[in-house]
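A.B. asks: generate coordinates for the sequence data below:
(2 chains)
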Amino acid sequence: GQQVMQIPQYQHVQEGEDFTTYCNSSTTLSNIQWYKQRPGGHPVFLIQLVKSGEVKKQKRLTFQFGEAKKNSSLHITATQTTDVGTYFCAGRSNDYKLSFGAGTTVTVRA
Amino acid sequence: EPEVTQTPSHQVTQMGQEVILRCVPISNHLYFYWYRQILGQKVEFLVSFYNNEISEKSEIFDDQFSVERPDGSNFTLKIRSTKLEDSAMYFCASNLDSINSPLHFGNGTRLTVT
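C.D. replies: So this is what the prediction gives:
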């Protein structure tokens, strides 16, 4: 079955630094979604990528969908304490099943 | 902005007891879901529901689990005989369609089985 792998599992970042989290699928995806879960909260939708090679930006967050539609990345620049949380990718396969990655938990050192 | 609401926020139950977790999806959404998240772990799919029937379920969703839409607004998850390993956060979610719409999650019910 479809598997979505996400690395790293944990990311400890100095405030102001950049980091990237990566998502890889074992199968080609029809789209990929990213969610953010604050500590003690619920996953909140951030963005969806559909097209091969698509790049979308939300302020300091840059999302990219790979050319082969099997991988994606989230890059955060100038990390702030408000970026703390777990970032999940969720890949939708061609049979419409949505599979979540294990998430990258981000902590920020002030 | 409309929200998915879940009750209760925390449920403590003894092993072997039945529990019902309740959700009110966003009113114009057509697809409903239950997910489970064991503390510190990934969000795991349990079941999806559309047009008053289960459209998909995972291996986790065994005979101990059932879902129901008893009226036009509520969507429930029942666990018949809880086990210790059922302790987790249970999230209800809904969306407009199953292909392109993002999931809208509720705040979750933390189930503790003792």
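A.B. asks: in chain B, what residue comes closest to chain A?
C.D. replies: residue B:102 (3.8 Å; Cβ to the nearest Cβ). For the C-beta atoms, the positions are set from N, CA and C on the backbone; glycine is no exception.
A.B. asks: could you list the low-pLDDT ranges of chain A?
C.D. replies: A:1 (pLDDT under 70).
A.B. asks: picking that back up, neighbours of the nearest residue to the residue of chain B closest to chain A once chain neighbours are set aside, how many?
C.D. replies: Counting by Cβ to Cβ, 6 or more residues apart in numbering or on different chains, residue A:45 is the residue found nearest to residue B:102 once chain neighbours are left out, at 3.8 Å. Residue A:45: 17 surrounding residues under other Cβ atoms under 10 Å in any protein chain shown.
A.B. asks: for the one 3 residues further on, same thing?
C.D. replies: Residue A:48 has 18 neighbouring residues, counting by other Cβ under 10 Å.
A.B. asks: ramachandran angles for the residue of chain B closest to chain A?
C.D. replies: phi -70, psi 160 (degrees, to the nearest 10).
A.B. asks: I'd guess residue B:73 is in a helix, am I close?
C.D. replies: No - assigned with DSSP: H, G, I helix; E, B strand; the rest coil, residue B:73 falls outside any helix and is coil.
A.B. asks: which ones are touching the residue most central in space within chain B?
C.D. replies: Nearest residue to the geometric centre of chain B (Cα atoms, centre = their mean): residue B:34, 3.1 Å. By Cβ atoms under 8 Å, 6 or more residues apart in numbering or on different chains, residue B:34 lies in contact with B:21, B:23, B:46, B:47, B:67, B:77, B:90, B:91, B:92, B:93.
A.B. asks: of those residues, which ones also sit close to chain A?
C.D. replies: residue B:91 (Cβ under 8 Å from any Cβ of the partner chain).
A.B. asks: make sure residue A:12 is indeed in a helix.
C.D. replies: No - Residue A:12: not assigned to a helix; according to three-state DSSP it is strand.
A.B. asks: gap between it and chain B?
C.D. replies: Using Cβ to the nearest Cβ, to the nearest Å, residue A:12 is found at 16 Å from chain B.
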